[in-house]
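Enquirer: I'll drop the sequence and a predicted model, then ask my questions.
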Amino acid sequence: MTRPSEAGFTLLEVLVAFAILAISLGVLIPVFSGTLGRQAALADQKTATMLAQSKLDTVGSEIPLTDGASDGAFSNGFTWHVEVAPYKFEYTSRFVMPKLVTLTVRWPAKNGPRSLTLKTIRLVGHD
């Protein structure tokens, strides 16, 4: 008398399936984790760029265009440093004087402190 074949998986088939799943997850989890880390770093870079542009717009109004440096902090943990210095230019004018404005934004990151620097030239009228 023959028995009908029993439906289902053997223990060996289940173990092989779990082993394949474990190897696949072991490869995919670091990929997704790295992508999330890069995405967070890019978000910080974008925030730093917007903050730097915003602070650079205040140079000449809130921050005087006089030679020297000033520092401050944003409410989100980012800090800024502005330096204003004379800009050496081969052509001079009796009416305006160029100033080099350098603004650096710093922030803490997972891989150590990061920074972004923007530079521009502003014209100041002679006194």
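Expert: Done, it's in. Nothing here was measured: the structure is a model prediction, and the numbers come from that model. Numbers count the residues shown, from 1 in each chain.
Enquirer: Count residues in the vicinity of Val82, would you?
Expert: 20 (other Cβ atoms under 10 Å). Backbone N, C-alpha and C define where each C-beta goes, glycine included.
Enquirer: mind listing what it touches?
Expert: Lys55, Val59, Ile63, Ala69, Ser70, Asp71, Val101, Thr102, Leu103, Thr104 (Cβ atoms under 8 Å, 6 or more residues apart in numbering).
Enquirer: And the residues you listed, which of them are buried?
Expert: Neighbour-count burial (16 or more other Cβ atoms under 10 Å) applied to those gives Lys55, Val59, Ile63, Val101, Leu103, Thr104.
Enquirer: Please verify my assumption that the third one contacts Trp80.
Expert: No: under the contact definition of Cβ atoms under 8 Å, Ile63 does not touch Trp80, with a separation of 9.7 Å.
Enquirer: Just the C-alphas of stretch 24-35, formatted as PDB.
Expert: Presented in PDB, the C-alpha positions along stretch 24-35 are these (Å, rounded to 0.1, in the frame of the first residue of the first chain):
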ATOM      1  CA  SER A  24      20.500  38.700   2.500                       C
ATOM      2  CA  LEU A  25      19.600  40.900   5.500                       C
ATOM      3  CA  GLY A  26      23.300  40.900   6.600                       C
ATOM      4  CA  VAL A  27      24.100  42.500   3.200                       C
ATOM      5  CA  LEU A  28      21.200  44.800   2.900                       C
ATOM      6  CA  ILE A  29      21.100  46.400   6.400                       C
ATOM      7  CA  PRO A  30      24.500  48.100   6.100                       C
ATOM      8  CA  VAL A  31      23.500  49.400   2.700                       C
ATOM      9  CA  PHE A  32      20.300  51.000   4.100                       C
ATOM     10  CA  SER A  33      22.200  52.200   7.200                       C
ATOM     11  CA  GLY A  34      24.900  53.900   5.100                       C
ATOM     12  CA  THR A  35      22.200  55.600   2.900                       C
END
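Enquirer: list the helices and strands the helix or strand of the chain with the lowest mean pLDDT packs on?
Expert: Using mean pLDDT, DSSP states H and E, the weakest-scoring helix or strand in the chain turns out to be helix 11-57, at a mean of 86. Counting contacts by 3 or more Cβ pairs under 8 Å, 6 or more residues apart in numbering; DSSP states H and E, helix 11-57 is packed against strand 79-86, strand 96-107, strand 114-125.
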